[in-house]
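Colleague: what would the 3D arrangement of this be:
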Amino acid sequence: MKLRVGAFLAISMISCMAPYEANRTDTMDIHVENQTGNDLQSVNVFVVQGKTVNGTYQQVRTDSSHLGTIADAKTAKGTLSETMILPSDGGYLMTALEKSGKKRSYRFGYLTNGFFSETAQYITVKKDTIFVRH
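Modeller: Below is the predicted model of the structure:
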């Protein structure tokens, strides 16, 4: 009887986890569209997670996608990978430099236990606003 109950519980647990595992992805595409009226330079998207370093909790960048310069009215695509990130929660940070020298930075999104919850993020940078959708 114990064997049957154990087998039933094991099968139940596996069947509950299987859909999540089947839908998981180990990479996430990043699409950045520039609608600022000028080029965006040094465009980067980072995974940012918490980590204890020398006994102090810090926010660290664990993976990145370097998109370089994006001309006005153009879109660039990059990819982030789970192979570089920690098994903890975190989010994303986009940084860019405008032609005028103004630095842009925007935190967005969420990942849990080192796993992406989306397959793609779409970022639209306008003169005074940044939109993110997935």
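Colleague: packing partners for the host helix or strand of Tyr106?
Modeller: Using DSSP states H and E, Tyr106 maps to strand 103-112. Strand 103-112 sits against strand 40-53, strand 90-98, strand 120-126, strand 130-133, with contacts defined as 3 or more CB pairs under 8 Å, 6 or more residues apart in numbering; DSSP states H and E. For every residue, glycine as well, the C-beta is placed using N, CA and C.
Colleague: that one pairs with which strands?
Modeller: With DSSP bridges as the test, strand 103-112 is paired with strand 90-98 (antiparallel), strand 115-116 (antiparallel).
Colleague: redo the ones you listed as TSV? Include distance to Asp72, mean neighbour count and mean pLDDT.
Modeller: TSV is the format used below for the strands paired with strand 103-112 (distance: least, CB to CB, whole Å; neighbours: other CB atoms under 10 Å; pLDDT from 0 to 100):
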stretch	distance to Asp72	mean neighbour count	mean pLDDT
strand 90-98	11	20	96
strand 115-116	29	19	91
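Colleague: low-scoring stretches of this structure, by residue?
Modeller: 1-25 (pLDDT under 70).
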